[in-house]
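Q: Predicted structure and sequence below. I'll ask about it afterward.
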Amino acid sequence: SQQGEEDPQALSIQEGENATMNCSYKTSINNLQWYRQNSGRGLVHLILIRSNEREKHSGRLRVTLDTSKKSSSLLITASRAADTASYFCATDDSGGGADGLTFGKGTHLIIQP
Amino acid sequence: AAGVIQSPRHLIKEKRETATLKCYPIPRHDTVYWYQQGPGQDPQFLISFYEKMQSDKGSIPDRFSAQQFSDYHSELNMSSLELGDSALYFCASSLSLTSVTGELFFGEGSRLTVL
């Protein structure tokens, strides 16, 4: 089954509001990462949280990780129209080696101006 | 700063034809990954190379093969193309951190359309 399931699948909010996206995964991980993708473009790394961390901040981004529940959340505060994009969580399982990241289904975020 | 370069950006092929995608990783990055992303889907891991050796294999069909060359660029070869192969193909590179996968740097992708 798919590692990294995001919810909601789509989210539409007003500019200035906060956006929260959730991700669940199934296996043990080394780290969990969040990526952003504008339509038809490449993925851009936003933030990485290690398995021994519980919370991390980067600018308007806040990521939490709960390894006991195998879940993570991404909070974007004070959203802007330019934040409109798809957001994916991706996990690096603890199998070792240069394994590929496993991506979730993604949340399509729309910021209404 | 130099990014991951992919070519071609767009490619149109007929069923049963072959296609080759190229990827030039960020200089000094030692690991290359290939991903396939269908319309509205999440990226699916295909294959990765570390220091020119195949490192991990994901859901890559037997009709596909890939390699990494001495200059670290990589090529994804796809044969007997099927309609379902139409997708965005991404290459990503990274600098390996022991056995942990860190941040991946993605190219802009190659859009393959099979008619």
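A: In hand now; what should we look at? Numbers count the residues shown, from 1 in each chain, chains lettered A, B, ... in the order given.
Q: Please count neighbours and contacts with C-alpha atoms only from this point.
A: Noted.
Q: and chain B, which residues reach chain A?
A: Within chain B, the positions near chain A by C-alpha under 8 Å from any C-alpha of the partner chain are B:31, B:33, B:41-45, B:47-50, B:55-56, B:58, B:88, B:90, B:96, B:98-109.
Q: What about A:R60, how many residues nearby?
A: As a burial measure, A:R60 scores 11 neighbours (other C-alpha atoms under 10 Å in any protein chain shown).
Q: Hmm, it is touching A:T77, no?
A: Yes - counting by C-alpha atoms under 8 Å, A:R60 does reach A:T77; the two are 5.3 Å apart.
Q: B:Q44 and B:K57 touch, don't they?
A: No - look at B:Q44 against B:K57 with C-alpha under 8 Å: they stay out of range, at 11.1 Å.
Q: Neighbours of residue 71, how many?
A: Using chain A. For A:S71, the neighbour count with other C-alpha under 10 Å is 18.
Q: switch to chain B, that's the one I care about
A: Neighbours of B:D71 under the rule other C-alpha under 10 Å: 10.
Q: That one and A:S24: what is the separation?
A: B:D71 is 38 Å from A:S24, where distance means C-alpha to C-alpha, to the nearest Å.
Q: residue contacts, B:G58?
A: Contacts of B:G58 were listed using C-alpha atoms under 8 Å, 6 or more residues apart in numbering or on different chains, and they are A:G100, B:Q44, B:F45, B:L46, B:I47.
Q: Specify the local secondary structure of B:G3.
A: coil (DSSP: H, G, I helix; E, B strand; the rest coil).
Q: Can you pull the phi/psi pair for the residue lying closest to it once chain neighbours are set aside?
A: Nearest residue to B:G3, sequence neighbours excluded (C-alpha to C-alpha, 6 or more residues apart in numbering or on different chains): B:I26, at 5.4 Å. The phi/psi pair for B:I26 (degrees, to the nearest 10) reads phi -60, psi 140.
Q: okay but B:I26 is in contact with B:V32, surely?
A: No - applying C-alpha under 8 Å, one finds B:I26 not in contact with B:V32, separated by 9.5 Å.
Q: Can I get the contacts of B:G58 in TSV including secondary structure?
A: Listed next are these as TSV, based on three-state DSSP:
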residue	secondary structure
A:G100	coil
B:Q44	strand
B:F45	strand
B:L46	strand
B:I47	strand
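Q: Looking at the residues you listed, spot the one nearest A:I13.
A: Of all the contacts of B:G58, B:Q44 has the smallest distance to A:I13: 28.5 Å, by C-alpha to C-alpha.
Q: Can you tell me how far that closest one is from B:Q6?
A: Counting by C-alpha to C-alpha - B:Q44 and B:Q6 are separated by 17 Å.
Q: where does chain A dip in pLDDT?
A: A:1-5, A:94-99 (pLDDT under 70).
Q: For the helix or strand bottoming out on mean pLDDT in chain B, name the packing helices and strands.
A: Least confident element among the helices and strands of chain B, by mean pLDDT, DSSP states H and E: strand B:53-57 (a mean of 89). Secondary-structure packing of strand B:53-57 (3 or more C-alpha pairs under 8 Å, 6 or more residues apart in numbering or on different chains; DSSP states H and E): strand B:44-50, strand B:64-68.
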